[in-house]
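*Asks:* Provided below are the primary sequence and the corresponding predicted coordinates.
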Amino acid sequence: MEKKRILSGMRPTGKLHLGHLVGALENWVNLQNEYQNFHLVADWHVLTTDTQNTAKIPELTREMVIDWLAAGIDPEKSPIFIQSQVKEHAELFLILSMLVTVPRLQRNPAVKEQAKVLNLEDRISYGHLGYPVLQTADIILYQADLVPVGEDQVPHIELSREIARKFNQIWGETFKLPQAKLTQFPRLPGPDGNKMSKSLGNHILLCDKPERVREVVMSAITDPAKIRRNDPGNPDICNVFAWQKKFNPGEVSQIETDCRSGKLGCVADKKHCAEKISEFLAPLQERRAHFEKFQDEVEDVIRYGNERARIEAANTMEKVHQAMGIG
Ligand code: TRP
């Protein structure tokens with residue numbers, strides 16, 4: 001039986017952090033045997049929020065792809081490709097944009113939230129409002145069955161289904177209806193307890209050296225009621241404990257006991273946790289160093305991925321042209 005398809009995508013944001021790893025990348029790596037995966041660098045999506053800074057996109061792309069490879073994406077099994085290098089994305093986006101109303105796009109909670117955060121309110125661009133339509137093109141161009149996303153992106157995938165269904169109603173069965181595949185991992189907090197993100201500056205990069213990891217971990221907020229070393233603590237509200245669970249699973253129950261009893265102080269706990277995170281990152285950093293050194297390998301990966309993607313995309317557009325009778 002043919003493997004089910006997955007389309008995963010990220011905007012090129014440069015070097016990735018632990019939040020990306022736990023929330024997305026590890027999941028992508030785990031899925032690559034069971035499914036046929038395509039990995040998209042959504043560079044045109046950057047234009048929606050960062051329209052003027054296009055010159056830095058190639059560098060951000062390179063850094064991100066290196067982290068994907070370092071995390072264990074196998075580019076032979078799972079092509080890695082660049083949205084803007086497969087022009088069919090733009091063609092399909094144009095067609096799909098006729099199948100959705102402006103009020104429907106304005107109702108999308110993720111777009112609303114972004115417009116609010118960026119202070120755009122009613123100055124949002126036509127392209128920005130339509131980014132879930134471009135995302136739909138990204139997905140259905142590859143006839144993806146599943147799209148691994150976080151909670152926040154679920155409304156987009158619902159819209160993708162609606163749009164694909166609408167196309168099929170008008171021009172006949174052409175597209176598969178994609179489904180969101182929710183990532184199960186609890187979100188990884190930063191040292192301040194907020195979701196780890198570059199914009200908040202509370203992140204640990206996958207390429208961060210032990211000194212930097214230690215600096216961030218030592219700055220973390222633990223249980224505020226645990227003031228002295230031997231005060232009993234509550235791991236449930238401790239950011240360091242959230243990291244221990246992920247990066248030090250073997251010792252986590254002992255740590256929990258010792259924190260609750262007051263035997264383990266926060267400073268010792270943090271030092272140990274920082275070491276565990278760096279140990280965890282060491283093999284990734286080794287692979288990263290390889291690709292930093294042999295950048296032509298990264299270029300080959302992308303060139304190969306673009307070719308694979310173009311074949312799929314051209315196939316689908318052939319069907320679209322047939323169905324519509326134009327193009
Ligand atoms: N919109 C996603 C984001 O902002 C990136 C993205 C673009 C994407 N196209 C996609 C994600 C297709 C999944 C599938 O992060």
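*Replies:* Structure received. Please read these numbers as outputs of a predicted model, since none were measured by experiment.

*Asks:* tally of neighbours for Gly23?
*Replies:* Applying other Cβ atoms under 10 Å, we find 20 residues neighbouring Gly23. Where you see a C-beta, it was placed from the backbone N, CA and C, and this is true even at glycine.

*Asks:* ugh, wrong one, Gly72
*Replies:* By other Cβ under 10 Å, 15 other residues sit near Gly72.

*Asks:* if I read this right, Pro189 contacts Ser197, doesn't it?
*Replies:* No: with contact defined as Cβ atoms under 8 Å, Pro189 does not reach Ser197; the gap is 10.6 Å.

*Asks:* tell me which of the two has more neighbours.
*Replies:* Shown here are Pro189 and Ser197; by other Cβ under 10 Å, Pro189 has more neighbours (20 against 14).

*Asks:* what about that one, distance to the ligand?
*Replies:* Counting by Cβ to the nearest ligand atom, to the nearest Å, the gap from Pro189 to the ligand is 20 Å.

*Asks:* need the pLDDT of that residue.
*Replies:* Model confidence at Pro189, expressed as pLDDT, equals 94.

*Asks:* so what's the closest residue to it other than its chain neighbours up against?
*Replies:* Leaving aside its chain neighbours, Pro189 sits nearest to Asn239 (4.8 Å; criterion: Cβ to Cβ, 6 or more residues apart in numbering). Asn239 is in contact with 189-193, 220-222, counting by Cβ atoms under 8 Å, 6 or more residues apart in numbering.

*Asks:* what about the closest residue to the ligand within the chain, neighbour count?
*Replies:* Residue of the chain nearest the ligand, by Cβ to the nearest ligand atom: Gly9 (2.9 Å). For Gly9, the neighbour count with other Cβ under 10 Å is 20.

*Asks:* not counting sequence-adjacent ones, nearest residue to it?
*Replies:* Ranked by Cβ to Cβ, 6+ apart and with sequence neighbours excluded, the top spatial neighbour of Gly9 is Leu40, at 3.8 Å.

*Asks:* who touches the residue lying farthest from the centre of the chain in this structure?
*Replies:* Distance from the C-alpha centroid of the chain, by Cα atoms, centre = their mean, peaks at Asn230 (39.7 Å). Going by Cβ under 8 Å, 6+ apart, Asn230 touches 262-263, 265.

*Asks:* ok so it is a helix residue?
*Replies:* No: using DSSP: H, G, I helix; E, B strand; the rest coil, the secondary structure at Asn230 is coil, not a helix.

*Asks:* phi, psi for it please.
*Replies:* Asn230 adopts backbone torsions of phi -90, psi 10, taken as degrees, to the nearest 10.

*Asks:* all helices of the stretch 201-327 of the chain, in order?
*Replies:* According to DSSP state H, counting those that start in this stretch, the stretch 201-327 of the chain carries its helices in the segments 210-218, 239-247, 252-261, 266-293, 295-324.

*Asks:* got CSV for those helices, with distance to the ligand and mean pLDDT too?
*Replies:* Below are those laid out as CSV (distance: least, Cβ to the nearest ligand atom, whole Å; pLDDT from 0 to 100):
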stretch, distance to the ligand, mean pLDDT
helix 210-218, 24, 97
helix 239-247, 22, 96
helix 252-261, 30, 96
helix 266-293, 21, 98
helix 295-324, 12, 98
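
*Asks:* Ala115 and Asp122, how far apart?
*Replies:* Using Cβ to Cβ, to the nearest Å, Ala115 is found at 9 Å from Asp122.

*Asks:* go on, Lys56?
*Replies:* 29 Å.

*Asks:* now Ile6
*Replies:* According to Cβ to Cβ, Ile6 and Asp122 sit 36 Å apart.

*Asks:* output the set of residues of this protein in proximity to the ligand.
*Replies:* Within the chain, the positions near the ligand by Cβ under 6 Å from any ligand atom are 7-11, 40, 42, 45, 135, 138-139, 147, 149.

*Asks:* who wins for neighbours among those residues?
*Replies:* Ile139 (29 neighbours).
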